[in-house]
Each structure stands twice: as C-alpha cells, then as structure tokens.
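> Provided below are the primary sequence and the corresponding predicted coordinates.
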Amino acid sequence: MRRKALDPMFHREKLRRAMDTFNTTADQFVNKLQGYAECGEAFRLAPIFHRSTIDIVMRVCSERCVCVYTDAGVPR
C-alpha cells in the first residue's frame with residue numbers, strides 16, 4: 001500500500017479525535033492488570049493486548065464498544 005493511501009487514516013485531526021478512545025482503553029487495560037497484580041494471579045498478557053487492540057479499532061472505526069474486558073474466554 002502506498003503512503004498516500006494511508007495518510008487519511010493517520011491524519012492528525014483524526015488521531016486527535018481518537019485520543020479519548022486510546023485513553024479509555026489504556027485505563028481499562030491498566031485496571032485489568034492491577035486486578036491481577038493485587039491478587040497475585042498468573043495470567044497471559046497477549047490476550048489482553050489483543051483485546052485492547054480490538055477495542056480501539058472497533059471504537060474508532062465503527063464507534064462500537066465490544067466490551068473486551070470481560071473474563072469470558074480469556075486464557076490464563
């Protein structure tokens with residue numbers, strides 16, 4: 001893909017509008033990790049990263065929340 005085709009997706013104003021989504025998802029991510037840290041439970045980090053990425057993409061591209069931080073189906 002050429003750079004010119006990608007530019008609209010990464011325009012400064014579009015990224016600025018997405019900052020609230022990035023911040024909200026980052027807060028949820030940290031809260032999830034704090035929960036594991038407080039109970040000393042072992043967990044896999046990759047599924048949490050994947051869910052964060054899916055949440056950001058869905059919220060920014062389709063303005064939908066997919067509630068990715070529920071524990072159903074998260075491998076430990």
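That came through, no problem.
> for this structure, which spans come out with low pLDDT?
1-11, 63-76 (pLDDT under 70).
> again, only this time at 90
1-22, 24-26, 28-29, 31-33, 35-37, 40-45, 47-76 (pLDDT under 90).
> which strands and helices lie in contact with the helix or strand harbouring Arg51?
For Arg51, the host element (DSSP states H and E) is helix 45-62. The contact analysis (3 or more C-beta pairs under 8 Å, 6 or more residues apart in numbering; DSSP states H and E) places helix 45-62 against helix 12-39. Every residue, glycine included, has its C-beta placed from N, CA and C.
> tell me how many other residues surround the closest residue to Leu33 other than its chain neighbours.
Excluding its sequence neighbours, the residue lying closest to Leu33 (C-beta to C-beta, 6 or more residues apart in numbering) is Ile48, at 7.4 Å. Ile48 has 18 neighbours, counted by other C-beta atoms under 10 Å.
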